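# Task: produce atomic coordinates for the following.
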Amino acid sequence: MDGHVDTTAPLTIGEVIRRTGVPASALHFYERKGLVFSGRDGYNQRIYARHMLRRISLIIIGKRLGIPLSDLGALFAELPANREPTHEDWQRMSRSWHRQLQERRRILENLERELTGCIGCGCLSMKACALLNPDDELQQEGPGPVRLQRRPTA
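Now for the predicted structure:
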């Protein structure tokens, strides 16, 4: 063998499992969710276009970061399913994901700052709540940890 890899040839499900470490059941689940796509070969076996490896890798990363599959699905909707994405396709998706990650970072940084104090949920369970949320005023702003969800003021 000359070591040459045909980068246009589809991958079998076994090859995708070996390359990504993702079990077949998860690949099938991702297909049902519309995150990845497969075809069938002449023996009716699942085959995947090579560019699906990148989607699967992004799913793995997204899961590690706690990004819901529905959010990844919305991002992947910007990519073509029937062909390898172009550089421009990936750049467009990347910019969108970058904005989402910045928002997640902002929320995590707010949580880190507020973790030992009142997070503004109206629970009145900590001494600081009486000072930072007197009379449970934050309940008027909506449910959940409203102080963490607020946008910073300029």
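
# contacts, neighbours, all on C-alpha from now
Noted.

# which strands and helices sit next to the longest helix seen in the chain?
Ranked by residue count and defined by DSSP state H, the top helix of the chain is helix 87-114. On a contact count with 3 or more C-alpha pairs under 8 Å, 6 or more residues apart in numbering; DSSP states H and E, helix 87-114 meets helix 69-76, helix 146-149.

# by how many degrees do that helix and helix 69-76 diverge?
Taking axes from the mean of the first three to the mean of the last three C-alpha atoms, to 10 degrees, helix 87-114 and helix 69-76 form an angle of 150 degrees between their directions.

# Buried residues of helix 87-114, list them for me.
If you call a residue buried by 16 or more other C-alpha atoms under 10 Å, then helix 87-114 has these buried ones: 93, 97, 106-107, 110-111.

# Please state the offset of it from the chain centre?
Chain-centre distance of helix 87-114: 10 Å, with C-alpha atoms, centre = their mean, to the nearest Å.

# would you put the C-alpha positions of stretch 24-42 in CSV?
The C-alpha trace of stretch 24-42 is given here as CSV (Å, rounded to 0.1, in the frame of the first residue of the first chain):
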residue,chain,number,x,y,z
ALA,A,24,-23.1,3.6,16.9
SER,A,25,-26.2,4.2,19.1
ALA,A,26,-25.1,7.9,19.6
LEU,A,27,-24.5,8.3,15.8
HIS,A,28,-28.0,7.0,15.2
PHE,A,29,-29.4,9.4,17.8
TYR,A,30,-27.5,12.3,16.2
GLU,A,31,-29.0,11.3,12.8
ARG,A,32,-32.5,11.3,14.3
LYS,A,33,-31.8,14.8,15.6
GLY,A,34,-30.6,15.9,12.2
LEU,A,35,-27.1,16.7,13.4
VAL,A,36,-25.3,14.2,11.1
PHE,A,37,-26.4,12.4,8.0
SER,A,38,-25.5,9.1,6.4
GLY,A,39,-26.2,7.3,3.2
ARG,A,40,-26.3,3.6,2.3
ASP,A,41,-23.8,1.6,0.3
GLY,A,42,-24.6,-1.2,-2.2
